[in-house]
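Q: What follows is a predicted protein model with its sequence.
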Amino acid sequence: MDWRMGTGDAYALLEALMLEARGVEPLPAIAREVGGKPYFPTCPDLHFSLSHSEGLALCACSERAVGVDVERLRPRREGLPAYALSGEELIWLKGHGGDWSWFYTLWTLKEAKVKCTGEGLRRPPREISVPLLEPGESRVWEGFSFTALAGDGWRGALCEKFT
């Protein structure tokens, strides 16, 4: 899997990644599956995912299904963690001080997973299981490879189908 983080347009970032890492130029035409997941019809063995948030962009491409998410850190409504996280995840969040940066670490892992599978957020987020990772950690878990990313004012995640 190749990935790149930057500012600005996620599609421009994908085009640069495709050229640098894959030697593909220009960017192939993009279509969407029924559920909305983007793909390259002319390159069916190459998968990609894009995410953007308030001037940040993250993209990845792989020979396997892949998903990414990036989020700027910002406060949200108070009840969101209880809605979005499982009991185990809530305990983990509270054990890390309960601030929004830790919530977004878990949230981006969940978003990356549903982008990887193509299912999207069609079920309650607390039912979407992910490993409990700290930023910078990676783990193969339940058939997926996860990586938690972080920087000043943002959190992100990569998920790739492993099996």
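A: Sure thing, it's come through.

Q: contacts and neighbour counts: CA atoms only from here.
A: Will do.

Q: Please name the residues that touch Y39.
A: Contact analysis of Y39 by C-alpha atoms under 8 Å, 6 or more residues apart in numbering lists I30, A31, R32, E33, H47, F48.

Q: What is the helix ranked longest in the chain packed up against?
A: Criterion DSSP state H: the longest helix present in the chain is helix 100-117. Helices and strands touching helix 100-117, by 3 or more C-alpha pairs under 8 Å, 6 or more residues apart in numbering; DSSP states H and E, are strand 66-72, helix 87-95, strand 144-151, strand 154-161.

Q: elements contacting the next helix or strand after the shortest one?
A: Sequence order places helix 80-84 as the next helix or strand after strand 66-72, per DSSP states H and E. Applying 3+ C-alpha pairs under 8 Å, 6+ apart, one finds that helix 80-84 makes contact with no other helix or strand.

Q: Need the residues that contact helix 80-84.
A: Helix 80-84 is contacted by residues L90, F103, W107, P124, P125, R126 when judged by C-alpha under 8 Å, 6+ apart.

Q: same check, this time on stretch 64-76
A: In contact with stretch 64-76 (C-alpha under 8 Å, 6+ apart) are residues 1, 45-54, 56-60, 100-101, 104, 108-109, 111-117, 153-162.
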